[in-house]
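[1] Task: produce atomic coordinates for the following.
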Amino acid sequence: MGRRSGDSGTGRRGWYKPHRAIILLGVLLTTVALVGATLGVVNTARAQRSLTQTGDRYLVLLSPTREVRTSIATFQQLAAQVFVGSTPPASVVPSAVAASGSTDRSYVDLQGLLASTGNVGLAPGLDAQMASYVAARSKLGTFLAGQPATAQTAQIAADEETATATLDATLASLQATITTRLMQTTQDAEAAAAAARSALLWSMAIGLLFALVVTTLLARMALRRERTVALAEAAQLRQTQRNEFESRLQRALEMSKSEVPLFGLVAEALGEAAAGMQSELLLADSSKAHFRQVLIGAGGSIDGGCGVVSPDDCPAASRGQTMSFPSSTAIDACPNLRGRACSALCVPVSISGNSVGVFHVTAPDGSPPSGGVRDDVEVVARRASERLAMLRAFELSQTQANSDSLTGLMTRRSLESGVRDLQNDGKSYAIAYGDLDHFKQLNDVFGHDAGDRALRTFSQVLRDSLRPADLACRYGGEEFVIVLPECPIEEALQVLERVRQRMAERLATAQVPIFTVSFGLASSDQASDFLVLVDLADQALLSAKAGGRDQIVLSTGLPSSAPGPVAGPTPPSWDAPILDSLDPDGLIAASHRMGSPDS
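    Predicted coordinates for the structure are as follows:
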């Protein structure tokens, strides 16, 4: 029953703040990862570019440097061969010229590279040493070209060898510097790459740590929100189901026209509200001093009901509020639960603010009915009490409309309606027409208040003496009509005798002047029309009056014939008053003998 409310209001789950924060966190983490990766790529590219630039700048120096050193060494070997005499000078001239040319070309290349940006200062004094070497080599070249050896030739060779050694040392130093610079550049590139990796790892580590902390916090917020929304939706669903249940119960109760079907519907509703539990409804009787069980919840058993006797003994009914008892062994448990080993829920039933009953629901000890069961039972109690109050108010108004205000007996109209029902059902009946003897004198002597008490006393005797199905009516003044369904005339006679006997017994103790009653008796076998039967019974009553009163006369069914009297107790004489006693109100309770009675 009911519909989910998660698509509206605070129940919306899709885009509330924790979810948006988690999505924003995901975007932020992605950004951090991209930034870290970009930094890594940029640093790596920068290191690669630096390595390439440095390599391009230094690696190009190595080749001309090696070539210069190689050509110088080659020239020096050729010169050494000539000096030691192992090779004729003329044979080494081409090779020496080629070596010298290679040296000059390689040096020019080297000189140009050393003059570029970033290489200046790598080989300070190289140009001067190269000039000295070239000069010494030129002098030696004259000897190698075929000039005769002189005393200065050895010195020229020594100078050339010295210049060659100095230049080679400078070139070796330059080569070592270049190698060192290349190694340093490689190390710098590796350091830059390591820094890039470290930056990437740190960014990832910080991002992950931040993500872990923030995600944990936001996830907890989201879970709390989810639980809150779930609880709210569950409560809304329960409320919707309860409202639908209450609506169905209300519609069903509105179709019940009396208490019996009402209790049947309430039993079904109670069984649904407290499914699987023992439940019952206790209502106070008319005296409001005793409880009686009027229904048991559907699926329950008759055993194990509450033993509370009076509404005053029930804590829930006396306080007018719902009470729950988790255990019958608890110190504050209801005294009526002691020894029953159960938990209980007691919901009072109130009419016009007064507790008239209690719904009693029991469950296993230690597991009292839940809050949902409590709410549902309270719904049943509220709706049932409202309908019960309405039915009783309607019944009271009907009773007041159909009852005589003084005696509480039926009115003439309600009697005629009841007789029509008997006739429609095809039931036979006996009819008695009764009248209090000497009622006018009783009123005149003792007052109308005493007369009213006499009427009420006689009406009460009738109610106590008749069956529930019998109809007793105050027909007018001190006249009464009694209808006895499915009662033969002989039994009706016995009923009326019982009334007269109990009337005499009641007057012996009641604070009412002593009076008697006369009856005329007829049967539906004598006529089919009710008014005709009333007339027959009335004629029989007149015969009873004429025959001395305080007796029962049977109708013969012939309006013109004289009915036969049935002897009764000797009526009291009304010739002279005999004052017996005074009642507490100061009204005389006595029997009188008076002359010239008129009724």
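[2] Distance of the residue positioned nearest the centre of the chain relative to Glu226?
    Geometric centre of the chain, nearest residue: Ala235, 2.0 Å, by C-alpha atoms, centre = their mean. Relative to Glu226, Ala235 is positioned 15 Å away (C-beta to C-beta, to the nearest Å). To be clear about C-beta, it is placed using only N, CA and C from the backbone, and glycine gets the same treatment.
[3] And for Ser102?
    Ser102 is 85 Å from Glu226, by C-beta to C-beta.
[4] Between those two, which has more neighbouring residues?
    A count of neighbours by other C-beta atoms under 10 Å puts Ser102 above the other of Ser102 and Glu226, at 17 against 14.
[5] which residues does the more buried one contact?
    67, 70-71, 74 (C-beta atoms under 8 Å, 6 or more residues apart in numbering).
[6] mean confidence score for the host helix or strand of it?
    Using DSSP states H and E, Ser102 sits within helix 89-114. Helix 89-114 shows a mean pLDDT of 80 in the predicted model.
[7] and what of stretch 327-347?
    Stretch 327-347 comes out at a mean pLDDT of 91.
[8] end to end, how far does it reach?
    One end of stretch 327-347 to the other measures 17 Å (C-alpha to C-alpha, to the nearest Å).
[9] Check stretch 469-484 too.
    8 Å.
[10] What lies in contact with it?
    404, 406-407, 409-412, 414-415, 418-419, 422, 429-436, 439, 451, 455, 458-459, 462-463, 466-467, 485, 487, 491-492, 495-496, 534, 537, 599.
[11] Which positions in that stretch come out as buried?
    By 16 or more other C-beta atoms under 10 Å, the buried positions in stretch 469-484 come out as 470-475, 478-484.
[12] Kindly reformat the residues you listed as a markdown table containing pLDDT, distance to Gly548 and secondary structure.
    Output for the buried residues of stretch 469-484, formatted as a markdown table (pLDDT from 0 to 100; distance: C-beta to C-beta, whole Å; DSSP: H, G, I helix; E, B strand; the rest coil):
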| residue | pLDDT | distance to Gly548 | secondary structure |
| --- | --- | --- | --- |
| Asp470 | 92 | 27 | coil |
| Leu471 | 93 | 28 | strand |
| Ala472 | 92 | 25 | strand |
| Cys473 | 93 | 26 | strand |
| Arg474 | 91 | 24 | strand |
| Tyr475 | 90 | 22 | strand |
| Glu478 | 90 | 18 | coil |
| Glu479 | 93 | 19 | strand |
| Phe480 | 94 | 20 | strand |
| Val481 | 95 | 22 | strand |
| Ile482 | 94 | 21 | strand |
| Val483 | 95 | 26 | strand |
| Leu484 | 94 | 25 | strand |
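[13] re the thing from before, tell me the one of the contacts of Ser102 nearest Met130?
    Ser71 (12.2 Å; C-beta to C-beta).
[14] The stretch 351-500 of the chain: strands as residue ranges?
    354-364, 429-436, 471-476, 479-485 (DSSP state E, counting those that start in this stretch).
[15] Pairing partners for the second one, with directions?
    Spelled out, it's strand 429-436. strand 479-485 (antiparallel), strand 517-523 (antiparallel) (DSSP bridges).
[16] May I see those strands arranged in CSV, with distance to Met183 as well?
    Output for those, formatted as CSV (distance: least, C-beta to C-beta, whole Å):
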stretch, distance to Met183
strand 479-485, 132
strand 517-523, 144
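[17] Of the contacts of Ser102, keep whichever come out buried.
    Looks like the contacts of Ser102 have 67, 71, 74 buried, using 16+ other C-beta under 10 Å.
[18] Could you report the separation of the first one from Val108?
    Read it as Glu67. Counting by C-beta to C-beta, the gap from Glu67 to Val108 is 11 Å.
[19] same deal with the second one?
    Counting by C-beta to C-beta, the separation of Ser71 from Val108 is 12 Å.
[20] Filter the contacts of stretch 469-484 down to the buried ones.
    Buried, going by 16+ other C-beta under 10 Å: 404, 407, 409-411, 414-415, 418-419, 422, 429-436, 439, 451, 455, 458-459, 462, 466, 485, 487, 492, 495-496, 534, 537, 599, out of these.
[21] In the stretch 201-350 of the chain, what residue spans correspond to strands?
    Under DSSP E, counting those that start in this stretch, the stretch 201-350 of the chain gives strands at 278-284, 291-296, 323-325, 342-351.
[22] could those go into TSV alongside mean neighbour count and distance to Thr186?
    Shown next, in TSV, are the strands of the stretch 201-350 of the chain (neighbours: other C-beta atoms under 10 Å; distance: least, C-beta to C-beta, whole Å):
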stretch	mean neighbour count	distance to Thr186
strand 278-284	23	91
strand 291-296	18	97
strand 323-325	18	84
strand 342-351	23	85
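[23] now the ones you listed as TSV including distance to Gln184?
    Converted to TSV, the strands of the stretch 201-350 of the chain look like this (distance: least, C-beta to C-beta, whole Å):
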stretch	distance to Gln184
strand 278-284	94
strand 291-296	101
strand 323-325	87
strand 342-351	87
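[24] so which of the ones you listed gets nearest Ala195?
    So among the strands of the stretch 201-350 of the chain, strand 323-325 is nearest, using C-beta to C-beta, at 71.1 Å.
[25] and that closest one, which strands flank it?
    Looking at strand 323-325 with DSSP bridges, its partner strands are strand 342-351 (antiparallel).
[26] now the strand it pairs with against strand 278-284, angle please.
    40 degrees (axes from the mean of the first three to the mean of the last three C-alpha atoms, to 10 degrees).
[27] Can you give me the buried ones in stretch 103-122?
    103, 106-107, 109-110, 113-114, 119, 122.
[28] I misspoke; the intended subject was stretch 168-186.
    Under 16+ other C-beta under 10 Å, the buried positions of stretch 168-186 are 168, 170-171, 174-175, 177-178, 181-182, 185.
[29] so which pair among these is furthest apart in space?
    So, the buried residues of stretch 168-186 by C-beta to C-beta: farthest apart are Asp168 and Thr185, at 25.4 Å.
[30] Let me have the buried residues of stretch 103-122 in JSON lines, adding distance to Asp365 as columns.
    Conversion of these to JSON lines gives the following (distance: C-beta to C-beta, whole Å):
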{"residue": "Thr103", "distance to Asp365": "115"}
{"residue": "Ser106", "distance to Asp365": "110"}
{"residue": "Tyr107", "distance to Asp365": "112"}
{"residue": "Asp109", "distance to Asp365": "108"}
{"residue": "Leu110", "distance to Asp365": "107"}
{"residue": "Leu113", "distance to Asp365": "103"}
{"residue": "Leu114", "distance to Asp365": "105"}
{"residue": "Asn119", "distance to Asp365": "100"}
{"residue": "Leu122", "distance to Asp365": "101"}
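[31] farthest-separated two in those residues?
    Across these (C-beta to C-beta), the longest gap, 19.8 Å, separates Thr103 and Asn119.
[32] pretty sure Gly305 is touching His360, no?
    Yes: Gly305 is within contact range of His360, at 7.2 Å (criterion: C-beta atoms under 8 Å).
[33] Now the common contact residues for the two.
    Common neighbours of Gly305 and His360 (C-beta under 8 Å, 6+ apart) are Glu280.
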